[in-house]
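Peer 1: Sequence plus the predicted model coming up.
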Amino acid sequence: MKFIIIGLGNFGGALAEKLTQQGNEVIGVDSRSERVMALKDKLSHTICMNATDQVAITHLPLKNSDVVMVCIGEDEGTNIMVTAHFKNLGVKRLISRSINPLHENVLNAIGVSEIVRPEEESAERWAKKLCLKGVVDSFELNSNFSIVEIVVPEKYVGKTIEEVKFREQHNILILTIIRDTQEKSFLGGSKTVPNVQGIPEPTTSLQRGDIIVIYGSNNDLQKFARGKFG
C-alpha cells in the first residue's frame, strides 16, 4: 500500500517507520527539516514541506496514494487546515489526528470519519489496522507476538473452528468470538450489542460479521489476515 504521512513527530514518525517496515511505500512530510532528515533513510521518501500550502500539497502523488494521514499534533489549527485541504482535494482515504474532544468535533464537522487518538492508540496498533484487511483492534505482547481482533474472512463464514484448522494450518490460536446480539432498549425497541462468546468449541460455526480474537506471531497473523493460507 502507499501512504502519505503528514507530521513526523513522535506518533507520525513511529507510524511511518512501522508502515515502511511492513513493506509499504511511505512518503513522510513535515515542515521541520530536522524531522525529515532524521527519517530520510528509514522511509521510502521524505519531503520538507509546509502542508498548509494547498498549492504545494497538490504536487504530492495523491491519486496514487491509498491513505493520507494527518498526524500533526502540536497545533490543532494547523491540523484542521491541513485536513480540510486534503478533504477538498478528494483523497481516497483521509485519517486525521485529534488533540482533544473539541478538535475531534471539528474534524467530524468537516467530514472526517476516521480519527486517530494517539493518547489511547499506539502507532503499532494503527499500523496493523491500516495494513491488515479486516483488523478491528490489536494488542502487541512483544515485538514478535500479538493478539488481534479481526472480522472473520468471508471464506470461513459458515465453517466450524475445527474446519478452519486455526492451529494446524495457520499456526494461530482463536481465543474467543465477539458476536453482535439484539437486546431490548430502555424505550422498548431493540439495540445491537457486541457480546463475547467465551472460549469457542471446535464445533462452533463462524457467522458473517463475527469478530474473532486470535493470537500468534505477527508474521502468521499477517499471512492469515491477507489470506495467504490455504
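Peer 2: Yep, it's here.

Peer 1: Would you map the strands across this protein?
Peer 2: Ranges of strands within the chain are 2-6, 25-30, 45-48, 67-70, 94-97, 114-116, 135-140, 145-151, 173-184, 190-196, 211-217, based on DSSP state E.

Peer 1: which one of the ones you listed lies closest to residue 162?
Peer 2: strand 173-184 (10.8 Å; CB to CB). To be clear about C-beta, it is placed using only N, CA and C from the backbone, and glycine gets the same treatment.

Peer 1: Please write out the alpha-carbon positions of that closest one in CSV.
Peer 2: The C-alpha trace of strand 173-184 is given here as CSV (Å, rounded to 0.1, in the frame of the first residue of the first chain):
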residue,chain,number,x,y,z
LEU,A,173,-4.9,-19.7,18.2
ILE,A,174,-8.5,-18.5,18.4
LEU,A,175,-9.2,-17.1,21.8
THR,A,176,-12.9,-16.1,21.5
ILE,A,177,-15.5,-14.7,19.3
ILE,A,178,-17.3,-11.3,19.6
ARG,A,179,-20.8,-11.5,18.1
ASP,A,180,-23.5,-8.9,17.8
THR,A,181,-26.7,-9.8,19.5
GLN,A,182,-30.0,-7.9,19.8
GLU,A,183,-31.2,-6.7,23.2
LYS,A,184,-34.2,-4.6,24.2
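
Peer 1: and the angle for that strand with strand 211-217?
Peer 2: Interaxial angle, strand 173-184 versus strand 211-217 (axes from the mean of the first three to the mean of the last three CA atoms, to 10 degrees): 160 degrees.

Peer 1: the domain parsing of the chain - what is it?
Peer 2: Domain assignment for the chain by automatic domain parsing gives 2-119, 132-225.

Peer 1: What segments of this structure are helices?
Peer 2: Taking DSSP state H, the helices of the chain run over residues 10-21, 33-39, 54-57, 76-88, 101-109, 123-131, 161-164, 166-170, 218-225.
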